[in-house]
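Colleague: Sharing a model that was predicted from the sequence below.
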Amino acid sequence: MPDTELTLARTGGRPLSRILFSTEQIAERVREIGREITEAYPKDEELLVLGTLKGSFIFLSDVVREIARPMEVDFLIASSYGGGTVSTGEVSLLYDSSSVLTGKHVILVEDIVDSGTTLNRLLPQLRTHNPASLEVCALLHKHIARDLVLEPRWVGFDCPHDFVIGYGLDHSEYFRNLPFIGVIQP
Ligand SMILES: O=P(O)(O)OC[C@H]1O[C@H](OP(=O)(O)OP(=O)(O)O)[C@H](O)[C@@H]1O
Ligand code: HPA
(Lines give C-alpha, C1' and ligand atoms only; values in the text may rest on other atoms or scores of the structure.)
(Ligands and ions follow the chains in the order given, each with its own letter.)
Protein backbone atom coordinates (compact mmCIF):
# COMPACT_ATOMS: atom_id res chain seq x y z
CA MET A 1 0.00 0.00 0.00
CA PRO A 2 1.62 3.29 -1.01
CA ASP A 3 2.21 5.99 1.56
CA THR A 4 -1.23 7.55 2.17
CA GLU A 5 0.06 11.07 2.69
CA LEU A 6 2.11 11.00 -0.49
CA THR A 7 -0.89 9.70 -2.40
CA LEU A 8 -3.23 12.35 -0.99
CA ALA A 9 -0.64 15.01 -1.86
CA ARG A 10 -0.82 13.84 -5.46
CA THR A 11 -4.63 13.61 -5.58
CA GLY A 12 -5.21 16.98 -3.91
CA GLY A 13 -6.69 15.20 -0.90
CA ARG A 14 -9.17 13.03 -2.86
CA PRO A 15 -9.10 9.50 -1.47
CA LEU A 16 -8.84 6.44 -3.68
CA SER A 17 -11.46 3.69 -3.59
CA ARG A 18 -8.83 1.13 -4.31
CA ILE A 19 -5.50 0.43 -5.92
CA LEU A 20 -5.66 -1.92 -8.88
CA PHE A 21 -2.03 -2.24 -9.93
CA SER A 22 0.89 -1.22 -7.72
CA THR A 23 4.08 0.48 -8.87
CA GLU A 24 5.95 -2.81 -8.46
CA GLN A 25 3.37 -4.86 -10.39
CA ILE A 26 3.44 -2.35 -13.24
CA ALA A 27 7.26 -2.29 -13.35
CA GLU A 28 7.44 -6.08 -13.49
CA ARG A 29 4.84 -6.33 -16.25
CA VAL A 30 6.50 -3.54 -18.24
CA ARG A 31 9.81 -5.45 -18.10
CA GLU A 32 8.07 -8.61 -19.34
CA ILE A 33 6.41 -6.77 -22.22
CA GLY A 34 9.72 -5.16 -23.16
CA ARG A 35 11.32 -8.60 -23.34
CA GLU A 36 8.44 -10.02 -25.41
CA ILE A 37 8.60 -7.13 -27.87
CA THR A 38 12.38 -7.48 -28.17
CA GLU A 39 12.00 -11.16 -29.02
CA ALA A 40 9.16 -10.56 -31.47
CA TYR A 41 11.32 -8.69 -33.98
CA PRO A 42 14.51 -9.76 -35.77
CA LYS A 43 17.72 -8.19 -34.42
CA ASP A 44 18.42 -5.90 -37.34
CA GLU A 45 14.85 -4.70 -37.88
CA GLU A 46 14.08 -1.16 -36.80
CA LEU A 47 10.95 -0.27 -34.91
CA LEU A 48 8.83 2.84 -34.82
CA VAL A 49 7.15 3.14 -31.44
CA LEU A 50 4.22 5.49 -31.72
CA GLY A 51 2.58 6.69 -28.52
CA THR A 52 -0.86 8.23 -28.17
CA LEU A 53 -0.70 11.32 -26.01
CA LYS A 54 -1.34 12.18 -23.49
CA GLY A 55 -2.24 8.99 -21.66
CA SER A 56 0.61 6.76 -22.85
CA PHE A 57 3.47 9.09 -21.92
CA ILE A 58 4.59 7.25 -18.79
CA PHE A 59 3.98 3.71 -20.04
CA LEU A 60 5.78 4.46 -23.30
CA SER A 61 8.78 6.02 -21.61
CA ASP A 62 9.11 2.99 -19.33
CA VAL A 63 8.51 0.28 -21.93
CA VAL A 64 10.87 1.65 -24.62
CA ARG A 65 13.73 1.38 -22.12
CA GLU A 66 12.99 -2.35 -21.85
CA ILE A 67 13.09 -2.98 -25.61
CA ALA A 68 16.54 -3.94 -26.88
CA ARG A 69 16.02 -3.02 -30.54
CA PRO A 70 16.95 0.06 -32.56
CA MET A 71 13.90 2.31 -32.69
CA GLU A 72 12.39 5.65 -33.43
CA VAL A 73 9.86 7.11 -31.02
CA ASP A 74 7.08 9.42 -32.07
CA PHE A 75 3.67 10.51 -30.83
CA LEU A 76 0.14 11.26 -31.93
CA ILE A 77 -2.20 13.38 -29.87
CA ALA A 78 -5.68 11.88 -29.83
CA SER A 79 -8.46 12.86 -27.50
CA SER A 80 -12.05 11.73 -27.06
CA TYR A 81 -12.97 11.89 -23.37
CA GLY A 82 -12.70 15.62 -22.60
CA GLY A 83 -13.40 16.00 -18.89
CA GLY A 84 -15.81 13.04 -18.73
CA THR A 85 -15.57 9.35 -17.95
CA VAL A 86 -17.35 8.13 -21.08
CA SER A 87 -16.03 8.37 -24.64
CA THR A 88 -17.67 11.14 -26.67
CA GLY A 89 -17.37 8.78 -29.64
CA GLU A 90 -15.50 11.50 -31.55
CA VAL A 91 -11.72 11.22 -31.63
CA SER A 92 -10.00 14.52 -32.29
CA LEU A 93 -6.56 14.05 -33.73
CA LEU A 94 -4.70 17.12 -32.56
CA TYR A 95 -1.33 16.16 -33.98
CA ASP A 96 -0.62 13.64 -36.67
CA SER A 97 2.89 12.23 -36.42
CA SER A 98 5.31 13.45 -39.05
CA SER A 99 7.21 10.13 -39.02
CA VAL A 100 7.30 8.09 -42.18
CA LEU A 101 5.57 4.81 -41.38
CA THR A 102 6.04 3.17 -44.77
CA GLY A 103 8.01 -0.09 -44.59
CA LYS A 104 8.54 0.15 -40.84
CA HIS A 105 7.50 -2.10 -37.99
CA VAL A 106 5.11 0.17 -36.14
CA ILE A 107 3.98 -0.43 -32.56
CA LEU A 108 1.14 1.82 -31.43
CA VAL A 109 1.37 2.26 -27.66
CA GLU A 110 -1.84 2.96 -25.75
CA ASP A 111 -2.34 3.38 -22.04
CA ILE A 112 -5.82 1.85 -22.20
CA VAL A 113 -8.28 0.24 -24.59
CA ASP A 114 -11.76 1.05 -23.31
CA SER A 115 -14.59 1.53 -25.84
CA GLY A 116 -12.10 0.89 -28.66
CA THR A 117 -13.08 4.13 -30.39
CA THR A 118 -9.55 5.56 -30.39
CA LEU A 119 -7.90 2.43 -31.81
CA ASN A 120 -10.62 1.98 -34.41
CA ARG A 121 -10.09 5.56 -35.55
CA LEU A 122 -6.29 5.50 -35.58
CA LEU A 123 -5.42 2.07 -36.95
CA PRO A 124 -7.05 2.34 -40.40
CA GLN A 125 -5.38 5.71 -40.81
CA LEU A 126 -1.95 4.29 -39.91
CA ARG A 127 -2.46 1.38 -42.29
CA THR A 128 -2.84 3.74 -45.23
CA HIS A 129 0.90 4.51 -44.82
CA ASN A 130 1.78 0.84 -45.56
CA PRO A 131 3.92 -0.05 -42.54
CA ALA A 132 5.84 -3.35 -42.76
CA SER A 133 3.79 -4.41 -39.75
CA LEU A 134 1.42 -2.76 -37.31
CA GLU A 135 0.81 -3.96 -33.76
CA VAL A 136 -0.74 -2.48 -30.64
CA CYS A 137 0.75 -2.56 -27.17
CA ALA A 138 -1.71 -1.47 -24.48
CA LEU A 139 -1.04 -1.29 -20.77
CA LEU A 140 -4.70 -1.87 -19.87
CA HIS A 141 -7.56 -3.55 -21.73
CA LYS A 142 -11.15 -3.42 -20.51
CA HIS A 143 -12.33 -6.00 -23.09
CA ILE A 144 -15.49 -4.00 -23.74
CA ALA A 145 -15.00 -3.38 -27.45
CA ARG A 146 -16.38 -6.19 -29.58
CA ASP A 147 -15.44 -4.67 -32.94
CA LEU A 148 -11.76 -3.79 -32.57
CA VAL A 149 -10.08 -3.61 -35.97
CA LEU A 150 -6.97 -5.15 -34.37
CA GLU A 151 -6.61 -6.79 -30.95
CA PRO A 152 -3.54 -5.55 -29.05
CA ARG A 153 -0.70 -8.05 -29.37
CA TRP A 154 0.68 -7.03 -25.97
CA VAL A 155 -1.52 -6.18 -22.99
CA GLY A 156 -0.22 -5.27 -19.55
CA PHE A 157 -3.31 -6.08 -17.53
CA ASP A 158 -6.97 -6.88 -18.06
CA CYS A 159 -8.79 -3.96 -16.47
CA PRO A 160 -12.11 -3.89 -14.61
CA HIS A 161 -14.85 -1.68 -16.04
CA ASP A 162 -14.20 1.16 -13.56
CA PHE A 163 -12.81 4.53 -14.58
CA VAL A 164 -9.15 4.20 -13.65
CA ILE A 165 -6.48 6.80 -13.02
CA GLY A 166 -2.74 7.07 -12.51
CA TYR A 167 0.47 6.13 -14.37
CA GLY A 168 -0.50 8.53 -17.18
CA LEU A 169 -4.27 8.04 -17.02
CA ASP A 170 -6.29 11.08 -16.03
CA HIS A 171 -9.64 12.26 -14.89
CA SER A 172 -10.13 15.82 -16.17
CA GLU A 173 -6.36 16.02 -16.67
CA TYR A 174 -5.51 15.23 -13.02
CA PHE A 175 -3.98 12.12 -11.41
CA ARG A 176 -1.62 11.29 -14.30
CA ASN A 177 1.28 11.60 -11.83
CA LEU A 178 0.17 8.77 -9.54
CA PRO A 179 2.87 6.08 -9.71
CA PHE A 180 0.25 3.30 -9.61
CA ILE A 181 -3.20 2.66 -11.10
CA GLY A 182 -6.29 3.05 -8.99
CA VAL A 183 -9.91 4.08 -8.83
CA ILE A 184 -10.92 7.37 -7.19
CA GLN A 185 -13.97 7.60 -4.98
CA PRO A 186 -16.90 8.97 -6.99
O1 LIG B 1 -10.87 2.94 -26.13
P2 LIG B 1 -11.30 4.33 -25.91
O3 LIG B 1 -12.69 4.43 -25.30
O4 LIG B 1 -11.18 5.19 -27.13
O5 LIG B 1 -10.37 4.95 -24.77
C6 LIG B 1 -8.98 4.92 -24.82
C7 LIG B 1 -8.38 6.28 -25.05
O8 LIG B 1 -8.91 7.20 -24.09
C9 LIG B 1 -7.85 7.90 -23.46
O10 LIG B 1 -7.52 9.06 -24.17
P11 LIG B 1 -8.27 10.45 -23.91
O12 LIG B 1 -9.21 10.75 -25.03
O13 LIG B 1 -8.86 10.49 -22.53
O14 LIG B 1 -7.08 11.48 -24.00
P15 LIG B 1 -5.75 11.52 -23.09
O16 LIG B 1 -4.87 10.39 -23.57
O17 LIG B 1 -5.17 12.86 -23.39
O18 LIG B 1 -6.14 11.36 -21.65
C19 LIG B 1 -6.70 6.92 -23.51
O20 LIG B 1 -5.47 7.58 -23.42
C21 LIG B 1 -6.88 6.21 -24.83
O22 LIG B 1 -6.21 6.85 -25.87
O1 HPA C 1 -10.75 4.31 -17.36
C2 HPA C 1 -10.17 5.27 -17.92
N3 HPA C 1 -9.41 6.15 -17.22
C4 HPA C 1 -8.76 7.18 -17.78
N5 HPA C 1 -8.81 7.45 -19.08
C6 HPA C 1 -9.54 6.63 -19.84
N7 HPA C 1 -9.76 6.65 -21.16
C8 HPA C 1 -10.53 5.62 -21.45
N9 HPA C 1 -10.86 4.93 -20.35
C10 HPA C 1 -10.23 5.54 -19.32
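Modeller: Here it is on my side, so go on. Ligands and ions are numbered 1, 2, ... in the order given.
Colleague: Quick check: residues of the chain near ligand 1?
Modeller: With CB under 6 Å from any ligand atom as the criterion, the chain meets ligand 1 at residues 52, 54-55, 78-81, 87, 110-118, 170. In short, each C-beta sits where N, CA and C put it, glycine included.
Colleague: Those residues: which ones sit near ligand 2?
Modeller: Okay, of those touching ligand 2 (CB under 6 Å from any ligand atom), that's Y81, I112, D114, D170.
Colleague: Which of those fall within strands?
Modeller: Among these, the members found in strands (DSSP state E) are I112.
Colleague: Quick check: which element contains the residue of the chain found nearest ligand 1?
Modeller: Residue nearest to ligand 1 within the chain: G55 (2.6 Å; CB to the nearest ligand atom). Using DSSP states H and E, no element contains G55; it sits outside every helix and strand.
Colleague: can you give me the strands for the protein?
Modeller: With DSSP E as the criterion, the chain has strands spanning 16-21, 47-53, 71-79, 92-95, 105-113, 133-141, 154-158, 181-184.
Colleague: Only the buried residues of the last one, if you could.
Modeller: Buried positions in strand 181-184, judged by neighbour count with 16 or more other CB atoms under 10 Å: I181, G182, V183, I184.
Colleague: same thing with the second one?
Modeller: By neighbour count, and taking 16+ other CB under 10 Å as the criterion, the buried residues in strand 47-53 are L47, L48, V49, L50, G51, T52, L53.
Colleague: nearest residue to the last one other than its sequence neighbours?
Modeller: Of all residues not flanking L53 in the chain, I77 sits nearest, at 4.5 Å (CB to CB, 6 or more residues apart in numbering).
Colleague: Pull the number of nearby residues for that neighbour.
Modeller: Neighbour count of I77, defined by other CB atoms under 10 Å: 14.
Colleague: Touching, it and T118? I think so.
Modeller: No - using CB atoms under 8 Å, I77 is not in contact with T118, being 11.3 Å away.
Colleague: Common neighbours of the two, please.
Modeller: Jointly contacting I77 and T118 under the rule CB atoms under 8 Å, 6 or more residues apart in numbering are T52.
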